[in-house]
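Asks: sequence unknown, structure follows:
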């Protein structure tokens, strides 16, 4: 009898265990039959292979998660660079300092993700002196916080003060200096003696003033941190296009040529030749409007075709006013030309204006001169112009 009771209790306990396990399985996500069988076997049979435990996080990986808000994946990756940190003392000091100068949690997380080694940097010896230099220049606390968040690399570089003092002479305002520093992460990290100063000296020898060099840096933030042979190549290309270093347009030419390859420039010159233009005419057009080089080959071709469709517009006129090719189709050329054609049908305006003048004036002046005075004759002209600016008029409509 006693044996039967034990056997009955054993069966009851087994049944309860099975019910409990079944309920737990119902809570699991839907699985394939194969994976379900695997889970069942691992639960019901003690002989199945046990799951491998997840790897234990290092101290610094856990710190990155709990104190800075990294995801586990990002924390593991970043911790590879600073795995030697096994105490919170240095990271805590760095975070405390960053918070004291205005960095919020997102700013700190961004800075540390870009340069994890910040967490083992000495505050008094390394971080404070760099921040003090920025304060002495006159950068505000929010500006300094943003700079560190987006470009923390300079905090471990030497001669930061000398670099800023040297660069300040190239810019007309503190705002321009700040913009250049924050846009070009290499500017405060490049070697002053071997990279920045030789480049500036060469450009000055070419006849560029400090203001002109500063302009180039504003337009192309990485220009001054290029290799010297690269800058020489850009200067040589501008000279080949006909620009003189003494010309006021030389800086615009450098801005254009430094942003594209020689092959790209040659392709644009080639498409201009297909319109029957001479080398002298092409050179003259580029000298007047270096921004032509920023246009794509297709853009140059389509705009030239657009103007050549106009009966009273010679290609020679367009080339003598090359900025016409630089204006936007959608925002300027098509809407204004459409209005001018409608006025022409009505015999307006009484005084003839050149096409270039009509296209180069501001939107406000265009409305004042070519729309408002003719509302009586064409009451819908303003609506037509706005509709054209919204893209509801095609190039073909201008000639229909």
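Replies: Ah, there it is. Because the structure is predicted, anything quoted here is derived from the model rather than measured. Numbering: from 1, shown residues only.
Asks: What is the helix or strand where residue 263 lies packed up against?
Replies: For residue 263, the element it lies in under DSSP states H and E is helix 262-273. Using 3 or more C-beta pairs under 8 Å, 6 or more residues apart in numbering; DSSP states H and E as the contact criterion, the secondary-structure elements in contact with helix 262-273 are helix 279-288, helix 297-308. For glycine as for every other residue, the C-beta is placed from the backbone atoms N, C-alpha and C.
Asks: right, so of those helices, which gets closest to residue 369?
Replies: Set against residue 369 and scored by C-beta to C-beta, the helices and strands packed on helix 262-273 come closest in helix 297-308, at 21.0 Å.
Asks: What are the buried residues along stretch 160-180?
Replies: By neighbour count, and taking 16 or more other C-beta atoms under 10 Å as the criterion, the buried residues in stretch 160-180 are 160, 163, 164, 167, 170, 171, 176, 177, 178, 180.
Asks: which outside residues touch that stretch?
Replies: 130, 133-134, 137-139, 143, 147, 154, 181, 187-188, 192, 196-197, 200, 210-211, 213-214, 217-218, 221 (C-beta atoms under 8 Å, 6 or more residues apart in numbering).
Asks: Using PyMOL, make a named selection holding only the buried ones among those residues.
Replies: The PyMOL command for the buried members of these (criterion: 16+ other C-beta under 10 Å) is given here:
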select buried, resi 130+133+134+137+139+143+147+154+181+187+188+192+196+200+213+214+217+218+221
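Asks: Please narrow the contacts of stretch 160-180 to those residing in helices.
Replies: Restricting the contacts of stretch 160-180 to those inside helices, with DSSP state H as the criterion, leaves 130, 133-134, 137, 143, 147, 181, 197, 200, 210-211, 213-214, 217-218.
Asks: hmm, which two among those residues are most spread apart?
Replies: 130 and 211 (27.7 Å).
Asks: Can you measure across stretch 132-148, start residue to end residue?
Replies: With C-alpha to C-alpha, to the nearest Å as the measure, the ends of stretch 132-148 fall 13 Å from one another.
Asks: Pull the distance from it to the chain's centre.
Replies: For stretch 132-148, the distance between its averaged C-alpha position and the chain's averaged C-alpha position is 22 Å (C-alpha atoms, centre = their mean, to the nearest Å).
Asks: Just the residues contacting it, thanks.
Replies: Counting by C-beta under 8 Å, 6+ apart, 98, 101-104, 107, 111, 131, 155, 160-161, 164, 168, 174, 177-178, 181-182 sit against stretch 132-148.
Asks: Tell me which of those fall in strands.
Replies: Among those, DSSP state E puts none in strands.
Asks: With respect to residue 231, which of the buried residues of stretch 160-180 is nearest?
Replies: Within the buried residues of stretch 160-180, distances to residue 231 taken as C-beta to C-beta reach their minimum at residue 170, with 14.5 Å.
Asks: Quick one: low-confidence residue ranges for this structure.
Replies: Within the chain, the set of residues satisfying pLDDT under 70 comprises 1-55, 395-400.
Asks: how much space between the most centrally placed residue in the chain and residue 163?
Replies: Among the residues of the chain, the smallest C-alpha distance to the mean C-alpha position (C-alpha atoms, centre = their mean) belongs to residue 183, namely 8.9 Å. Between residue 183 and residue 163 the distance, using C-beta to C-beta, to the nearest Å, works out to 15 Å.
Asks: Residue 217 too?
Replies: When residue 217 is compared with residue 163 (using C-beta to C-beta), they lie 13 Å apart.
Asks: Check residue 287 too.
Replies: Relative to residue 163, residue 287 is positioned 35 Å away (C-beta to C-beta).
Asks: With residue 221 instead?
Replies: The gap separating residue 221 from residue 163 is 15 Å, by C-beta to C-beta.
Asks: cool, residue 347 as well?
Replies: Distance of residue 347 to residue 163, given as C-beta to C-beta: 65 Å.
Asks: again with residue 255
Replies: Using C-beta to C-beta, residue 255 is found at 23 Å from residue 163.
Asks: Also residue 364?
Replies: The separation that residue 364 has from residue 163, given C-beta to C-beta, amounts to 43 Å.
Asks: mind listing the strands for the stretch 301-400 of the chain?
Replies: All residues of the stretch 301-400 of the chain lie outside strands when identified by DSSP state E, counting those that start in this stretch.
Asks: Just the helices from the stretch 251-400 of the chain, written as ranges.
Replies: Assignment of helices within the stretch 251-400 of the chain using DSSP state H, counting those that start in this stretch yields the ranges 262-273, 279-288, 297-308, 315-320, 334-345, 355-360, 363-370, 381-389.
Asks: With mean neighbour count as extra columns, can I get those helices in CSV?
Replies: Shown next, in CSV, are the helices of the stretch 251-400 of the chain (neighbours: other C-beta atoms under 10 Å):
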stretch, mean neighbour count
helix 262-273, 14
helix 279-288, 17
helix 297-308, 16
helix 315-320, 16
helix 334-345, 19
helix 355-360, 16
helix 363-370, 15
helix 381-389, 17
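Asks: Which of the ones you listed sits closest to residue 206?
Replies: For the helices of the stretch 251-400 of the chain, proximity to residue 206 was assessed by C-beta to C-beta; helix 279-288 is nearest, at 17.1 Å.
Asks: got the contact list for the closest one?
Replies: Helix 279-288 is touched from outside by 241-243, 247, 249, 253, 269, 272-273, 277, 292-293, 316, 319-320, 322-323, with contacts defined as C-beta under 8 Å, 6+ apart.
Asks: now the angle between helix 262-273 and it, please.
Replies: Here helix 279-288 points in a direction 120 degrees away from that of helix 262-273 (axes from the mean of the first three to the mean of the last three C-alpha atoms, to 10 degrees).
Asks: How far off centre is helix 279-288?
Replies: For helix 279-288, the gap between its own C-alpha mean and the chain's C-alpha mean amounts to 31 Å (C-alpha atoms, centre = their mean).
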